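[1] only geometry, no sequence info:
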């Protein structure tokens, strides 16, 4: 079991370019990959997304990529010395022509064209990919390892809560038959209070008790609950992505407990249902973060 929360960071460098990658993920029902790349390398996004989707099935994954050229390549300002001398000569000639000293400042050189040239050299996309992909793979592997570690904690918590639900279900199963008995006793007590002398084996009484027993029968719900618990544990025993099927099982468990609750004409049974739904809600919250 893996959670959908994780983080990884990695670097990889070639002799042409270095890549720094951070990968983080949060829970999301579907798989979603968001890639942040320098503008000049946007064409590489599709291949990076494909690489990430091969490793993940659910969750929103953000991959941030920074690139850096080796020292001495790109990112420098070069001085066009010839152009600078030409400007200085022009200012000197201007001073002679107007017979007045014209002062030359640094800002004049910056405003002039072609005196300073920015070296915007960059690696080819194919060369950049040689640094990016290994860094992405490593960062994703670290993120997945963190998701697996978190998944172990989720697994233990969910398994313990399923055990608690099984205990509550067993208590419901044990207590349920007493509801019919209690209803029978209450019915006879009400009849006695009303002064109606009706035999215990009177057909009308037996029919009423039978109808009540049918309305309160939860044997089918108990059978389905046990089946869902068994399926839950089967999923917990696998290493496959199980977030969606577990979410579905939570809905089914909730449905069965609701049905039992609607049939339970008894305060003690109703309290068992409240306890069960409280545990189930905690399981459902955990399942939302399971891949």
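    Noted; the coordinates are in hand. Just so it is clear, the model here is predicted, and its values are computed rather than measured. Numbering: from 1, shown residues only.
[2] Can you identify each of the strands in the stretch 1-150 of the chain by residue range?
    6-13, 18-26, 31-36, 59-68, 76-79, 116-119 (DSSP state E, counting those that start in this stretch).
[3] Return the most buried member of those.
    strand 18-26 (a mean of 22; mean count of other C-beta atoms under 10 Å). From N, CA and C alone the C-beta is placed, and that goes for glycine too.
[4] Spell out which residues make up each domain of this structure.
    Split into domains by automatic domain parsing, the chain comes to 6-71+124-147, 76-119, 149-287.
[5] and residue 228, what does it touch?
    249, 252-253, 256 (C-beta atoms under 8 Å, 6 or more residues apart in numbering).
[6] Which of the helices or strands spans it?
    Assessed by DSSP states H and E, residue 228 sits inside helix 219-236.
[7] I'd like the next helix or strand past that helix.
    Moving toward the C-terminus from helix 219-236, the next helix or strand (DSSP H and E) is helix 243-263.
[8] Mean confidence (pLDDT) on that following helix, please.
    Averaging pLDDT along helix 243-263 gives 93.
[9] can you list the strands of the stretch 1-150 of the chain in a markdown table and add mean pLDDT and distance to residue 229?
    Formatted as a markdown table, the strands of the stretch 1-150 of the chain follow (pLDDT from 0 to 100; distance: least, C-beta to C-beta, whole Å):
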| stretch | mean pLDDT | distance to residue 229 |
| --- | --- | --- |
| strand 6-13 | 96 | 29 |
| strand 18-26 | 95 | 29 |
| strand 31-36 | 92 | 29 |
| strand 59-68 | 94 | 27 |
| strand 76-79 | 70 | 67 |
| strand 116-119 | 64 | 67 |
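[10] Between the ones you listed, which one is closest to residue 169.
    strand 59-68 (32.0 Å; C-beta to C-beta).
[11] Show me what that closest one is packed against.
    With contacts taken as 3 or more C-beta pairs under 8 Å, 6 or more residues apart in numbering; DSSP states H and E, strand 59-68 sits against strand 18-26, strand 31-36, helix 45-53, helix 125-193.
[12] Work out the sheet partners of that strand and label each with its direction, please.
    Next to strand 59-68 in the sheet, as set by DSSP bridges, lie strand 18-26 (antiparallel), strand 31-36 (parallel).
[13] got TSV for these, with distance to residue 239 too?
    Output for the strands paired with strand 59-68, formatted as TSV (distance: least, C-beta to C-beta, whole Å):
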stretch	distance to residue 239
strand 18-26	18
strand 31-36	18
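[14] Can you check which of the ones you listed gets nearest to residue 82?
    strand 18-26 (34.3 Å).
[15] quick one: low-confidence ranges for the stretch 151-291 of the chain?
    For the stretch 151-291 of the chain, the stretches with pLDDT under 70 are 179-216.
[16] now do 80
    Counting by pLDDT under 80, the ranges of the stretch 151-291 of the chain that qualify are 176-217, 263-266.
[17] And for residue 276, the neighbour number?
    If you count neighbours by other C-beta atoms under 10 Å, residue 276 ends up with 24.
[18] What is the helix or strand containing it packed up against?
    Applying DSSP H and E as the criterion places residue 276 in helix 267-287. In this structure, helix 267-287 makes packing contacts with helix 125-193, helix 243-263, judged by 3+ C-beta pairs under 8 Å, 6+ apart.
[19] Can you mark which positions in the shortest one are buried?
    Think helix 243-263. By neighbour count with 16 or more other C-beta atoms under 10 Å, helix 243-263 contains the buried residues 243, 245-246, 249-250, 253-254, 256-257, 259-261, 263.
[20] Looking at those, which is nearest residue 16?
    Looking across the buried residues of helix 243-263 and measuring by C-beta to C-beta, the closest to residue 16 is residue 243, at 40.8 Å.
[21] need the contact list for the closest one.
    4, 58, 287-288, 290-291.
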